[in-house]
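J.: Could you look at this predicted model? Sequence included:
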Amino acid sequence: MAPNVYITRKIPQPALDRLREAGIQFDVYPHDEVIPHDVLLEQVAGRDGILCILTDTIDEEVLHCAGRAKIFANYAVGYNNIDVEAATRRGIAVTNTPGVLTDATADLAWTLLFAAARNVIESDAYLRAGKFVGWGPLHFLGQDVAGKTLGVIGLGRIGKAFVQRGAAFRMNILYHSRQRDEVFEQSYPHEIKYVELHELLERSDFVSIHVPLTPETTHLIGKRELERMQSHAILINTARGPIVDEQALVDALKERRIWGAGLDVYEEEPTVHPGLLSLPHTVLLPHIGSATYATRTRMGLIAVDNLIAFFTGKRPPNLVNEKVWK
């Protein structure tokens, strides 16, 4: 009998086509919205596998209702939405889609940096409102980017890709990560230095976050850290919202302790702290770091390939919890 999979949200068609070609039966939640939790609980029952997305909370209750399911294929690089320990105890495989969105997310982080530094959003709105009547020497003054110091928190795939883009703008790099990467340092054509977090914050003109969300990184950037930053500095976050204490960030921006921020993720996503909405030099995007046609399609194909491997008795290529395969 063919495996039966439930997909919690519409994903690119090529991924569905590949699943169908593999002879796997599936149903898809028909609405382009986050599946309600009660519907999720109902739909996972009796399935052999689940293809879920980052906004689905896969907790003990879901795992219990899933009962027969032995794999949850997450359509995301991160998997903090899944209780991996609980899944492992139940012998359920958890997979993700790593590597595929590196360039897309690094590109978007640069987009946020430039948009915040040069008042792009405010200037665009000003012109569209019919307020532009001519050039002015004091209109929408922003921050220079070329030759400045860029602080990067986290030197994984996306962090490294982000750093590499700085070379075109002759940027000097400070980075803080779990460990120093001397090989990568040697590949960068300008100054690059591993420093402690406090030094990075104190010296950087721009600070960009590229670490996963863990208990240790939750509120990694809070009131104390924001107070260390320079008054002209800009904070960029395309990683996970709870890494930044959003209330502390609002306070820092209101009190002009830092100059601006560019955010693609939020602490209580999809809710955005209302204090952010009216602040100047603040660019807010709706979690679109991986939102290119090619990247989102590749994510779907990788998630599907994990399912196909599992159901053909092979180790899923992106298995998160290795214990279930030993």
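T.: Happy to help now that I have it.

J.: Strands along the chain, start to end?
T.: All strands of the chain, identified by DSSP state E, fall at 4-7, 25-28, 49-53, 71-75, 93-95, 149-153, 172-176, 192-194, 206-209, 234-237, 260-263, 282-284.

J.: What is the burial count for Phe206?
T.: Using other C-beta atoms under 10 Å as the criterion, Phe206 is surrounded by 28 other residues. C-betas here are computed from N, CA, C, even on glycine.

J.: quick revisit: compare the strands of the chain and give me the one nearest Lys326.
T.: strand 93-95 (11.6 Å; C-beta to C-beta).

J.: if we can go back for a sec, do you know which of the strands of the chain lies nearest Val84?
T.: So among those, strand 93-95 is nearest, using C-beta to C-beta, at 5.3 Å.

J.: Off-centre distance for the closest one?
T.: 19 Å (C-alpha atoms, centre = their mean, to the nearest Å).

J.: Dump the strands of the chain into CSV; add distance to Arg315 and mean pLDDT as well.
T.: CSV is the format used below for these (distance: least, C-beta to C-beta, whole Å; pLDDT from 0 to 100):
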stretch, distance to Arg315, mean pLDDT
strand 4-7, 18, 98
strand 25-28, 22, 97
strand 49-53, 15, 98
strand 71-75, 11, 98
strand 93-95, 9, 98
strand 149-153, 33, 98
strand 172-176, 33, 98
strand 192-194, 35, 97
strand 206-209, 32, 98
strand 234-237, 34, 98
strand 260-263, 37, 98
strand 282-284, 40, 98
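
J.: got these as TSV, with distance to His219 columns?
T.: Formatted as TSV, these follow (distance: least, C-beta to C-beta, whole Å):
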stretch	distance to His219
strand 4-7	33
strand 25-28	36
strand 49-53	25
strand 71-75	24
strand 93-95	25
strand 149-153	13
strand 172-176	16
strand 192-194	23
strand 206-209	12
strand 234-237	12
strand 260-263	15
strand 282-284	19
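
J.: out of those strands, nearest to Leu301?
T.: Minimum separation from Leu301 across the strands of the chain (C-beta to C-beta) falls at strand 71-75, 10.5 Å.

J.: Tell me where this structure has helices.
T.: Applying DSSP state H to the chain gives helices spanning 13-21, 37-44, 60-66, 84-89, 102-117, 120-128, 157-166, 182-187, 197-203, 223-228, 246-254, 293-311.

J.: With respect to Thr95, which of the ones you listed lies nearest?
T.: Of those, nearest to Thr95 by C-beta to C-beta is helix 293-311, at 3.9 Å.

J.: which residues are contacting that closest one?
T.: 3, 5, 11-12, 14-16, 18-19, 22, 24, 48-49, 51, 70-71, 73-76, 93, 95, 97, 100-101, 103-104, 290, 315-319 (C-beta atoms under 8 Å, 6 or more residues apart in numbering).

J.: In ChimeraX, select just the buried ones from those.
T.: With 16 or more other C-beta atoms under 10 Å as the burial test, the buried ones among these are selected in ChimeraX as follows:
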select :3,5,11,12,15,16,18,19,22,24,48,49,51,70,71,73,74,75,76,93,95,97,100,101,103,104,290,316,318,319
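
J.: how about the helices of the chain, which one is nearest Leu277?
T.: Among the helices of the chain, helix 246-254 sits nearest to Leu277 (C-beta to C-beta), with 9.9 Å.

J.: just the CA coordinates of that closest one, formatted as CSV?
T.: Output of helix 246-254 as CSV, limited to C-alpha atoms (Å, rounded to 0.1, in the frame of the first residue of the first chain):
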residue,chain,number,x,y,z
GLU,A,246,11.9,43.4,20.5
GLN,A,247,10.8,45.7,23.3
ALA,A,248,14.4,46.6,24.0
LEU,A,249,15.0,47.2,20.3
VAL,A,250,11.9,49.5,20.2
ASP,A,251,13.2,51.4,23.2
ALA,A,252,16.7,51.8,21.7
LEU,A,253,15.3,53.1,18.4
LYS,A,254,12.9,55.5,20.1
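
J.: Tell me the buried residues in that helix?
T.: Glu246, Ala248, Leu249, Val250, Ala252, Leu253.

J.: and the fifth one, what is it in contact with?
T.: By C-beta under 8 Å, 6+ apart, the contact set of Ala252 is Lys223, Leu226, Glu227, Met229, Ile258.
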